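Peer 1: only geometry, no sequence info:
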């Protein structure tokens, strides 16, 4: 009987390797507000999740220099990712707020390398097709990531990676997420995409705590909306915002609290 177990070990290892997720985000906070609870649930279910941050977060603060802002946001972002259960965080370090001036070919090649190295079963990317997106970095990263997802499995692209041993690979499943608001009519389920919702009752608190860790970013965000808040009121503001967002989305789909996506895949 034990002899048969030896044959199962490579199969079990291969199955485990396939349970990988790669999350693409423009900043350290976007994916948490858009998909943090779903990501935490995947981790809870045994998936390995890795994160790639395209920007350097140097502009999300109040009264700090770009270098101080970048350091604080990155430290808080890594702590938030760790709380969610994310294994590795890769920072590409392009200037936040200016990603539209970065070569999409350069960013796409970087993501090619990660997709082919990680070989994720699932990708999460910002949805570049939503209306009235104030943060242009989200749109640029979403369009670039969608192209990288579509082309990474083709042998005609990134031949330098193939020569380095990173063979073409295309993730079979992708979730498009929107940070900070529900999908509006006409934005969900377009073309190949199917509108998908997830019940996040079990991991909502993890999402809230992860978002609250992003104090530097949250302080600047709250300043734009309600003015400067002390630490206690800032934490309460973040909690209230995420709870209201989760309830608004969930009520559309029959849940108490939810997250929603455009989804392509099996």
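Peer 2: It's in. The model shown is predicted, which means the values in this text are computed figures rather than measured ones.

Peer 1: pull the longest helix from this protein.
Peer 2: Identified as the longest helix of the chain according to DSSP state H is helix 231-253.

Peer 1: hmm, who's touching the very next helix or strand once past that one?
Peer 2: On the C-terminal side of helix 231-253, the closest following helix or strand by DSSP states H and E is strand 258-264. Contacts to strand 258-264, defined as C-beta atoms under 8 Å, 6 or more residues apart in numbering, come from residues 34-35, 37-38, 127, 129, 173-178, 182-183, 187-190, 192-200, 246, 249-250, 252-253. For every residue, glycine as well, the C-beta is placed using N, CA and C.

Peer 1: What of stretch 101-118?
Peer 2: Contacts for stretch 101-118 (C-beta under 8 Å, 6+ apart): 20, 22, 24, 50, 52, 54, 90, 92, 94-95, 99, 123, 140-141, 143-145, 147-149, 151-152, 157-158, 161, 166-171.

Peer 1: can you pull the pLDDT of residue 97?
Peer 2: Residue 97 is assigned 92 on the pLDDT scale.

Peer 1: go on, residue 159?
Peer 2: 66.

Peer 1: swap in residue 132?
Peer 2: On the pLDDT scale, residue 132 is placed at 83.

Peer 1: neighbours around it, how many?
Peer 2: 6 (other C-beta atoms under 10 Å).

Peer 1: do the same with residue 83
Peer 2: 18.

Peer 1: which non-adjacent residue is nearest it?
Peer 2: residue 210 (4.8 Å; C-beta to C-beta, 6 or more residues apart in numbering).

Peer 1: Which of the three states applies to the one you found?
Peer 2: Here residue 210 is helix, with the state taken from DSSP: H, G, I helix; E, B strand; the rest coil.

Peer 1: Please work out how many residues are found near it.
Peer 2: 29.
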